[in-house]
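Next comes the sequence, and after it the predicted model I'd like to discuss.
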Amino acid sequence: PPVPLYILAKVTEGFAMYQQNDGLWYFRYKDENGKWRTYSTHTRDESVARELENHFKLTKDLLRNPKTIEDLISIFSDSKRNPERLDSKITGKSYGERHSEEVARNMRDLLSMLKAKSMVWSIKLNKLTRLDCKLIMTMIHKEWGNTSKANKMFSQFKRCLTYASEQGWLDASPAIGMSDIKVEQEKEVIPMTPNDIAEIISRPNLFRYSYPACNGKTESLREGRMEEDYTMFCLLAYTGMRRAEAAALTSGQICNGIYRGRTFHYIEVNRAFKDESWNEIGKPKWNLCRSIPICEELYSILKPYIKKNPEAPLFPGYKKTRFVQFFERLKDNAKIDGVIFEDEEAFAMLSPHKLRHALNTNLLAEQGVEEGKVSENMVAEYLSWEHQDQSKMQRRYTHMVASRLLPVADLISKIYSRKIESSILTVSAL
């Protein structure tokens with residue numbers, strides 16, 4: 001067996017192999033206190049004993065400058081340095097950029113918390129004990145409670161220790177077999193009703209800026225931003241697109257198709273912002289591209305933003321903070337105007353992702369009315385849930401895939417049809 005690293009870590013000098021009368025091989029060494037110690041190799045085979053000696057020679061340099069918990073966590077705190085992400089590019093294993101970024105965020109938060117609350121971050125890996133791991137788990141739980149974030153953070157930390165073990169930085173992960181942090185049942189997502197979403201779509205003025213403008217130029221800019229925010233809301237509500245997909249939308253992604261003599265419009269959802277700063281463009285989540293038909297109501301709202309240059313973005317400069325700001329402004333203006341919704345609690349929780357859940361729920365609730373025209377699989381394909389799959393042949397004929405989902409677009413139009421015509425007239429007059 002290899003010499004445990006916690007033994008080798010104590011060796012300062014005098015490492016020597018020898019065989020006793022019982023035939024077993026031993027080595028003697030001086031520990032950090034200068035005392036002579038002996039350790040049995042548990043073997044009578046000299047070749048095995050010499051392998052242990054070579055093992056020591058290969059690892060002693062590492063042990064002179066052992067890595068700390070901080071060193072290990074820092075490796076995973078950078079999504080571009082994440083070794084598992086780099087390995088996946090070679091092995092083909094699934095380890096997406098978004099997951100790598102999530103791991104990086106969690107590890108940065110963990111390291112920041114450890115540095116603020118204890119000195120455990122400075123412990124050398126070859127001296128890390130199971131008790132230290134339990135302490136870290138307790139600190140994570142105290143900071144984030146029984147949340148999904150806490151569960152993922154500790155699980156990812158254990159994976160870091162496994163990686164350290166694979167690299168030979170410690171014998172074996174002291175966290176092996178430790179339970180994950182239990183996640184309490186999260187509060188149920190309350191989707192907005194179709195009437196409430198239609199109410200918002202029929203009121204473009206809810207996206208206005210409430211405070212007074214400084215001058216005419218500022219007022220003009222605000223009106224432009226108000227129209228953009230309203231259009232973005234309609235895009236999210238009618239398609240269920242993720243905000244990173246909607247913000248990256250270009251004119252070339254909005255296409256025309258013909259199916260059995262019917263002309264329709266569809267969006268090729270094949271790009272999205274990938275990094276935290278929303279500067280890097282890549283494929284959508286799960287690397288699943290899709291072609292989704294859109295109803296005429298939405299196309300009428302998007303049409304003024306479609307440019308001749310196919311590479312031109314529909315919403316240039318849209319970032320995460322813009323979504324937060326206009327959703328908060330929407331809620332404030334609805335309160336000022338005294339708008340009454342069927343489900344006030346659902347409206348208070350409204351966000352871009354909640355719109356996606358609302359569309360999914362409303363489609364599934366109405367699909368039976370369509371006499372089987374819209375199936376659950378079609379809804380899943382339209383919204384690109386994780387299990388959605390398309391063959392290479394399907395991806396080759398995007399307009400055919402889009403035409404197959406036309407019943408979904410028709411059902412969305414039916415669900416959100418209340419007061420839509422008046423809203424289009426209003427926004428065109430802004």
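Perfect, thanks for sending it.

and stretch 296-313, what's its mean pLDDT?
In this model, stretch 296-313 has an average pLDDT of 94.

With stretch 179-194 instead?
For stretch 179-194, mean pLDDT is 80.

what does stretch 151-164 give?
Per-residue scores along stretch 151-164 average to 92.

Show me the shaky parts of the stretch 51-200 of the chain.
55-65, 90, 92, 185-189 (pLDDT under 70).

Count the residues that sit near the residue nearest to residue 253 when sequence neighbours are not counted.
Nearest residue to residue 253, sequence neighbours excluded (C-beta to C-beta, 6 or more residues apart in numbering): residue 268, at 4.8 Å. Placement of C-beta: from N, CA and C, glycine included. Residue 268 is flanked by 19 other residues according to other C-beta atoms under 10 Å.

Check the secondary structure at residue 268 for me.
strand (DSSP: H, G, I helix; E, B strand; the rest coil).

Look at it and report its pLDDT.
With respect to pLDDT, residue 268 has a value of 95.

Can you verify my assumption that it contacts residue 289?
Yes. Using C-beta atoms under 8 Å, residue 268 is in contact with residue 289, at 7.2 Å.

related to what we said a few turns ago, what's near enough to touch the residue nearest to residue 253?
By C-beta atoms under 8 Å, 6 or more residues apart in numbering, the residues touching residue 268 are 253, 255, 289, 290, 291, 398.

just residue 159 next, same as before
The neighbourhood of residue 159, defined by C-beta under 8 Å, 6+ apart, consists of residue 84.

Secondary structure of it: a helix, I assume?
Yes. According to three-state DSSP, residue 159 belongs to a helix.

What are the boundaries of the strands in this structure?
For the chain, the strands defined by DSSP state E cover 13-19, 25-30, 36-40, 254-259, 262-269, 272-273, 281-282, 290-294.

If we go by neighbour counts, what in the longest helix along the chain is buried?
Ranked by residue count, the top helix of the chain under DSSP state H comes out as helix 216-239. Under the neighbour-count criterion of 16 or more other C-beta atoms under 10 Å, helix 216-239 has 225-239 buried.

Contacts for stretch 256-265, please.
254, 255, 266, 293, 294, 296, 299, 399, 402, 403, 406, 409.

residues contacting the first one?
With contacts defined as C-beta under 8 Å, 6+ apart, the neighbours of residue 254 are 265, 266, 267, 299, 302, 306.

For residue 332, state which of these is nearest.
residue 302 (25.9 Å; C-beta to C-beta).

before we move on, back to that, tabulate the CA atom coordinates of the longest helix of the chain in CSV.
The C-alpha trace of helix 216-239 is given here as CSV (Å, rounded to 0.1, in the frame of the first residue of the first chain):
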residue,chain,number,x,y,z
GLY,A,216,-37.0,66.8,-24.1
LYS,A,217,-34.1,64.6,-25.2
THR,A,218,-34.3,62.5,-22.0
GLU,A,219,-38.0,62.1,-22.4
SER,A,220,-37.5,60.8,-26.0
LEU,A,221,-34.9,58.3,-24.8
ARG,A,222,-37.3,57.2,-22.1
GLU,A,223,-40.1,56.6,-24.6
GLY,A,224,-37.7,54.5,-26.7
ARG,A,225,-36.7,52.4,-23.7
MET,A,226,-40.3,52.1,-22.7
GLU,A,227,-41.2,50.7,-26.1
GLU,A,228,-38.2,48.3,-25.9
ASP,A,229,-39.2,47.0,-22.5
TYR,A,230,-42.8,46.5,-23.6
THR,A,231,-41.6,44.6,-26.7
MET,A,232,-39.2,42.5,-24.6
PHE,A,233,-42.0,41.6,-22.2
CYS,A,234,-44.3,40.5,-25.0
LEU,A,235,-41.5,38.5,-26.5
LEU,A,236,-40.9,36.7,-23.2
ALA,A,237,-44.7,36.2,-22.6
TYR,A,238,-45.6,34.9,-26.1
THR,A,239,-42.5,32.6,-26.6
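
Now do it: which elements does it pack against?
helix 194-201, helix 243-247, strand 290-294, helix 296-302, helix 320-337, helix 352-366, helix 420-428 (3 or more C-beta pairs under 8 Å, 6 or more residues apart in numbering; DSSP states H and E).

closest to residue 280 out of those?
For the helices and strands packed on helix 216-239, proximity to residue 280 was assessed by C-beta to C-beta; helix 243-247 is nearest, at 10.6 Å.

could you dump that closest one to CSV, C-alpha only?
Extracted C-alpha coordinates of helix 243-247, given in CSV (Å, rounded to 0.1, in the frame of the first residue of the first chain):
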residue,chain,number,x,y,z
ARG,A,243,-33.8,36.2,-21.0
ALA,A,244,-30.3,35.3,-22.3
GLU,A,245,-31.9,34.1,-25.5
ALA,A,246,-34.2,37.1,-25.9
ALA,A,247,-31.5,39.6,-25.2
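
And the contacts of it?
Outside helix 243-247, the residues touching it (C-beta under 8 Å, 6+ apart) are 232, 235-236, 239, 269, 271-274, 278, 284-285, 315, 318-320, 323, 352-353.

Can you give me the neighbour number for residue 315?
When counting by other C-beta under 10 Å, one arrives at 17 neighbours for residue 315.

what sits against the residue nearest the centre of the chain?
Nearest to the mean C-alpha position of the chain, by C-alpha atoms, centre = their mean, lies residue 98 at 4.5 Å. By C-beta under 8 Å, 6+ apart, the contact list for residue 98 reads 274, 285.
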